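Engineer: Give me the fold of what follows.
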Amino acid sequence: MANGEIWDFTSFKSSNSVFIDNKLVFKDCLLLDATKIVTTKEALRQYNILATCVIIGTSTIEQCQHLLHVFGKRQALGEKLDENVLLAISELEYILGNEKIPGVVIKLATTNTLQAVEQVGKILQHFYDRLGGNPFEGKY
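Structural biologist: Next up is the predicted model:
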């Protein structure tokens with residue numbers, strides 16, 4: 001970042017898969033490709049951090065419902081948006097036997113690391129008791 005090399009490439013591919021009991025429950029593919037019209041750097045504008053967070057499991061149902069409620073609600077007409085942070089959340093569930101296993105997928109884009117850590121902290125705060133506290137505390 002210090003030398004201005006942010007997104008200074010013509011193509012980037014990434015694929016992440018989540019398996020539970022050898023069953024694919026989530027797959028995410030990302031392709032950033034420059035075109036003749038726009039470079040990757042121009043297309044991503046000010047966003048320097050891209051992240052995906054997958055939370056899934058029967059013990060997370062209350063937290064996932066809360067996250068969907070908080071982050072999935074529409075903003076009021078005329079409410080000012082934070083242009084430095086983009087966040088989208090989608091419900092995720094899969095069937096294991098006869099049981100629906102709940103979850104969420106959260107996509108995040110921010111202009112810097114501190115904003116990303118802040119947003120991930122807002123997401124994970126409902127899991128701190130399971131994580132043994134805030135994993136970012138004292139690091140940023």
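
Engineer: what about this structure, any weak spots by pLDDT?
Structural biologist: Applying pLDDT under 70 to the chain flags residues 1-5, 140.

Engineer: what about the strand or helix carrying residue 71, distance to the chain center?
Structural biologist: Following DSSP states H and E, one finds residue 71 within helix 61-72. How far helix 61-72 lies from its chain's middle: 14 Å, per C-alpha atoms, centre = their mean, to the nearest Å.

Engineer: Next up, phi/psi of residue 135, please.
Structural biologist: Main-chain torsions, residue 135, degrees, to the nearest 10: phi -70, psi -10.

Engineer: Enumerate every residue touching residue 57.
Structural biologist: Listed by C-beta atoms under 8 Å, 6 or more residues apart in numbering, the contact set of residue 57 reads 101-103. Heads up, the C-betas are built off the backbone N, CA and C, glycines and all.
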